[in-house]
Structure formats: C-alpha cells, structure tokens
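Novice: build me a model:
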Amino acid sequence: MQRIIKNGQVVDESWHLLPKDVSFDELPNCDDVIVPLGLWVDHAPALKARDGGLGVWLEAGEEIEEIADQLDNFQVIALNFPSFTDGRHCSTAYLLRTRYGYKGEVRAIGDVLRDQLFALKRCGFDAFALREDKDPQDALKAFDEFSEVYQASSDQPLPLFRRRA
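Specialist: Next up is the predicted model:
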C-alpha cells in the first residue's frame, strides 16, 4: 500500500488512482477512485451516481477551466507532474484555491520530490504522492525548512511587509 503525505502527516493511501486507459466498465462501484479527466468528460452522470468517493486527475497540459463549474463533484483533485521540471500545475492549484474557492483535497502526483513540497504547499496543495523511490517520512522535514515567507500565496495572502505593519 502506498503512503502519502496529507495535511502534514504520512498516511496510508485509501484512494485508487486509475490509469489513463481505464474503461468505464472496469470501475468498481463503491471504492474511492480518482479518474482521469477524459473518463470524467465521457461519463460524468454515471460517475456521479456511483456509491464511492470521486476524484479527478489532470495531466500537465489539461486546463482546470474545463471543469471549473463542476468542482463540487470531486473530493480530490490530483494534478500530475510528468517531470519535476514541469511546474504548470502550481498555477492550477493556486487557481483552485484562490479563484475557484475549492476546499477539497488538492493532491500532487507524478514526479513529486521532497525539494518541491514547501513551494507546492504554498501554491495550494495539501496532499502529496511522492515518487515511489522517495521516503515520505523523510520528506516531512521539507515543511519545516523555512520559518518565514516573504511572498503572498494561497496559504498566506499577505506579503511579509504587510504583516509587519
């Protein structure tokens, strides 16, 4: 069983992240699943009728605006980082929290490394599925590496100079 970081703690993963090539007929009715965006677009009414929890995951090139008016259907939105150098979903997480007011779980998946965690949290992520070769317990230390931040972001809307005044 995979372990993930969620809300600052290492926990056992309870959601099933479905692959991009999964067919609708293969879905279990009562498990908590995170479906690829394409499956959601093709089968939204049937997916909403399932008994289990529902999440959606987006590739780096897929836009959140495509489902922005449907966010209340999802308990989890997972954003895939195909490589650690591809930061497009940092903006997506920020938009989810600030523009769309999404309160559910925003999870980083894919090529996620310890070095990115502090910045990803600031953008709006609250769950992290690290690469399988990385230790989530060790990665928790990333959240304590900085004691103060200068810039405003989704987790601190005021920059430091405004907070000091």
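Novice: who does the residue positioned nearest the centre of the chain form a beta bridge with?
Specialist: Nearest to the geometric centre of the chain sits Arg107, at 1.8 Å (Cα atoms, centre = their mean). Here Arg107 sits in beta bridges with Ala78, Ala127, going by DSSP bridges.
Novice: confidence score at it?
Specialist: Here, the pLDDT recorded for Arg107 equals 98.
Novice: verify the contact between it and Phe74 for me.
Specialist: No. Using Cβ atoms under 8 Å, Arg107 is not in contact with Phe74; the gap is 10.9 Å. Every C-beta, even on glycine, is put in place using the N, C-alpha and C of the backbone.
Novice: could I get the contacting residues of the closest residue to Trp40 other than its chain neighbours?
Specialist: Excluding the flanking residues, the one nearest Trp40 by Cβ to Cβ, 6 or more residues apart in numbering is Val56, at 5.0 Å. Counting by Cβ atoms under 8 Å, 6 or more residues apart in numbering, Val56 makes contact with Ile34, Val35, Pro36, Leu37, Trp40, Ile67, Phe74, Val76, Ile77, Ala78.
Novice: specify the local secondary structure of Val56.
Specialist: strand (DSSP: H, G, I helix; E, B strand; the rest coil).
Novice: what sits opposite it in the beta ladder?
Specialist: When assigned by DSSP bridges, Val56 has beta-bridge partners Val35, Ile77.
Novice: mind listing what's buried in stretch 37-56?
Specialist: Leu37, Leu39, Trp40, His43, Ala44, Leu47, Arg50, Gly53, Leu54, Gly55, Val56 (16 or more other Cβ atoms under 10 Å).
Novice: of those residues, which one scores lowest on pLDDT?
Specialist: Per-residue pLDDT puts Arg50 lowest of the buried residues of stretch 37-56, at 91.
Novice: next up, the contacts around that one.
Specialist: Leu27, Asn29, Cys30, Val33.
Novice: now for Arg107 and Phe74: what residues contact both?
Specialist: Gly55.
Novice: re the thing from before, by neighbours, which of the contacts of Arg50 wins?
Specialist: Of all the contacts of Arg50, Val33 has the most neighbours under the rule other Cβ atoms under 10 Å, reaching 22 neighbours.
Novice: mind checking how far that one is from Lys103?
Specialist: Plainly put, Val33 is 20 Å away from Lys103 if you go by Cβ to Cβ, to the nearest Å.
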